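Q: Just the structure for this:
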Amino acid sequence: MDSQHRPSPDSEQQTTSKKHRRGIGGIGWAVIGAVFFGSLLAIGILPRLSQKSELQAAVKEASTVPSVNVITPRRATGATKVELPGNVVALNQTTIYARSTGYLRRWYADIGDRVRAGQLLAEIDSPDTDQQVLQAKAELVQAQANVSQTRANLAKSVSDLKQARANLLIARQSWERWQVLVKQGAVPQQDADTKYATYQANLASVEAAQNTINSDSANIKAAQANAYASQANFQRNTVLQSYKKVTAPFAGVITARNVNTGVLISAGNGNTSTSNTNTNTSNSSLYTIAAYDNLKVNVSVPQSLSQSLQTGQTAQITVRELPQRVFTGKVVRTSNAIDPTTRTLLTQLEVHNSDATLRPGMYANVKFAINRTNPPFVVPDSVLVVNGGGTQVATVTKDHTVHYQKVAVGRDYGTEVEITSGLTGNESLIATPTVDETEGLRVQPVAETK
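A: Numbers count the residues shown, from 1 in each chain. From the prediction side, this is the model:
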């Protein structure tokens, strides 16, 4: 049984040879497959490994160069509204002083009263001035009488000159006639000499009369000059006497009364004044009067807006106490000079105030509508850096480095400010600079999205 089923040696050898051939073929195919799949794997993995390496290098570089958000400055609009504080003052305001010395007899106007031009405000009792007027008048009358007397003397001298000339003519003719008679032997020489002496005496009388006329003419001029001086002195004292009545120089409102009945008034403005008291103190300031129909509003306009402001331009004027009223003012003049301390231009507006609603001394808001020919740049206030170098902005240059640029700031809008100088408009500004962004630092700019 065993011998029947046991294979022969030849058959075992053949079987072993077949198995050996099958085993060698499987290993080859496995090696070939492994090489094939390894090649495919290498082709797919190597580029990815390269990309990963580059990505890691980029990440490493990005981690060493900080990123900053940058913005570009924008132009402000040409038309803008500017609101500035103003001070309301009277268009015409003056303090009234006494020109006549005496005691105040009576006053007729008090603070708050509206008065017209020429209205009587007070009367001063001034006996000294009255006496000076009487004396000046007497001196004038005397000077005028002296002029009349010198004129009469001149007239008499002229008459005497005429008479002397007539006598001279007769004496000359007689002397000439007697000279002929002497030559003819009709009369002696002594008689001719007597006629000649008479002629010489009349000639002297004519010269004396002429000198008297010249003297009288000079006396007339002196008398007339004295009369003119006396008349001027009389007029001066008369005018001072008229100042006993104190009148309003123009229509307005009495804003101060500094006198009371019976107080001693001294002409001039150097004495100490009292206000609404009953003390008898020497006082030269009587009233203060202000015209309310037209008022002035003084405004200090910044230098950056001074070139855009024109004479005749209108503005809206408001006061906090009158929220429902809007007044219209017109620019009438400017100082034409920038204040070196505040860098502002003093501007004066005129506003009509016929109903006396506005009052001098009020604080007002003045709103201008200005068209700027070269409007400034506007940037967020967060870009500004203020340090020892002044006001600056941090910019990112073309080679991605930080550079600090000095700028001049204009109007402040709260979250934004105007830059009046220092920028061209093409800069990349770091939106929020910190102490880490130092000069020359390399950064990666990132445009900030709106």
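Q: from here on, contacts and neighbour counts on C-alpha atoms
A: OK.
Q: where do the helices sit along the protein?
A: Applying DSSP state H to the chain gives helices spanning 2-5, 9-64, 127-184, 189-242, 303-306.
Q: need the least confident one among those helices, by mean pLDDT.
A: In terms of average pLDDT, helix 2-5 trails the rest of these, at a mean of 45.
Q: what's the offset of stretch 288-298 from the middle of its chain?
A: Per CA atoms, centre = their mean, to the nearest Å, the displacement of stretch 288-298 from the mean C-alpha position of its chain is 18 Å.
Q: what mean pLDDT would you report for that stretch?
A: On average, stretch 288-298 scores 90.
Q: One more: stretch 380-392?
A: The average pLDDT within stretch 380-392 is 89.
Q: in it, what's buried?
A: Buried positions in stretch 380-392, judged by neighbour count with 16 or more other CA atoms under 10 Å: 380-381, 383-385, 392.
Q: how about the residues you listed in JSON lines, adding distance to residue 351?
A: Formatted as JSON lines, these follow (distance: CA to CA, whole Å):
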{"residue": "380", "distance to residue 351": "37"}
{"residue": "381", "distance to residue 351": "37"}
{"residue": "383", "distance to residue 351": "41"}
{"residue": "384", "distance to residue 351": "40"}
{"residue": "385", "distance to residue 351": "42"}
{"residue": "392", "distance to residue 351": "42"}
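Q: Pick out the most distant pair among the residues you listed.
A: 380 and 392 (12.9 Å; CA to CA).
Q: Out of the buried residues of stretch 380-392, name the ones that lie in strands.
A: Under the assignment DSSP state E, the buried residues of stretch 380-392 contribute 380, 384-385, 392 to strands.
Q: Nearest to residue 216 among those residues?
A: residue 392 (91.2 Å).
Q: Can you tell me what sits against stretch 320-335?
A: By CA atoms under 8 Å, 6 or more residues apart in numbering, the list of residues contacting stretch 320-335 from outside reads 310-319, 345-352, 364.
Q: Stretch 159-175 too?
A: 192-193, 195-196, 198-199, 202-203, 205-206, 209-210.
Q: again with stretch 238-251
A: 98-100, 114-126, 129-130, 133, 289, 291.
Q: For residue 285, state which of the contacts of stretch 159-175 is nearest.
A: Nearest to residue 285 among the contacts of stretch 159-175: residue 210, at 60.0 Å, using CA to CA.
Q: contacting residues for that closest one?
A: 157-158, 161.
Q: again with residue 84
A: If you count contacts by CA under 8 Å, 6+ apart, then residue 84 has 299-301, 365-367 around it.
Q: Let me know the distance separating it from residue 247.
A: Distance of residue 84 to residue 247, computed by CA to CA, to the nearest Å: 39 Å.
Q: What residues sit buried inside stretch 329-344?
A: For stretch 329-344, using 16+ other CA under 10 Å, the buried residues are 329-332, 334, 338, 344.
Q: Cross-reference those residues with the strands and report the matches.
A: Mapping the buried residues of stretch 329-344 onto strands (DSSP E) picks out 329-332, 334, 338, 344.
Q: What count of nearby residues applies to residue 89?
A: Close neighbours of residue 89, defined as other CA atoms under 10 Å, add up to 22.
Q: List the contacts of it.
A: 295-298, 359-362.
Q: can we see that at 10 Å?
A: 290-292, 294-298, 350, 358-363 (CA atoms under 10 Å, 6 or more residues apart in numbering).
Q: Looking at the residues you listed, which are in strands?
A: Reading strands off the contacts of residue 89 with DSSP E, I get 290-292, 294-298, 350, 363.
Q: Compare those and tell me which has the most neighbours.
A: Neighbour counts for the ones in strands among the contacts of residue 89 peak at residue 297, which has 27 neighbours (criterion: other CA under 10 Å).
Q: rewinding a little: with respect to residue 422, which of the ones in strands among the buried residues of stretch 380-392 is nearest?
A: residue 392 (8.9 Å).
Q: Next one: the closest one from residue 415, what distance?
A: With CA to CA as the criterion, residue 392 and residue 415 are 17 Å apart.
Q: likewise residue 386?
A: For residue 386, the distance to residue 415 - CA to CA - is 16 Å.
Q: Quick check: beta-bridge partners of the residue nearest to residue 96 when sequence neighbours are not counted?
A: Closest residue to residue 96 apart from its sequence neighbours, by CA to CA, 6 or more residues apart in numbering: residue 287 at 5.1 Å. Residue 287 has the following beta-bridge partners by DSSP bridges: residue 96, residue 257.
Q: burial count for residue 287?
A: Residue 287, neighbours per other CA under 10 Å, totals 24.
Q: gap between stretch 169-188 and the chain center?
A: Distance, stretch centre to chain centre, for stretch 169-188: 96 Å (CA atoms, centre = their mean).
Q: sorry, that was for stretch 388-399
A: Here the centre of stretch 388-399 is set off from its chain's centre by 35 Å, with CA atoms, centre = their mean.
Q: of the contacts of residue 84, closest to residue 79?
A: Checking these against residue 79 by CA to CA gives residue 367 as the nearest, at 13.0 Å.
Q: Need the ones in strands among the buried residues of stretch 329-344 in JSON lines (columns: distance to residue 445).
A: Formatted as JSON lines, those follow (distance: CA to CA, whole Å):
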{"residue": "329", "distance to residue 445": "50"}
{"residue": "330", "distance to residue 445": "50"}
{"residue": "331", "distance to residue 445": "48"}
{"residue": "332", "distance to residue 445": "51"}
{"residue": "334", "distance to residue 445": "47"}
{"residue": "338", "distance to residue 445": "41"}
{"residue": "344", "distance to residue 445": "39"}
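Q: biggest separation within those residues, which pair?
A: Taking CA to CA, no two of these sit farther apart than 329 and 338, at 21.9 Å.
Q: Tell me how far stretch 101-116 lies from the chain's centre.
A: On the basis of CA atoms, centre = their mean, stretch 101-116 sits 35 Å off its chain's mean C-alpha point.
Q: That'll do, ta.
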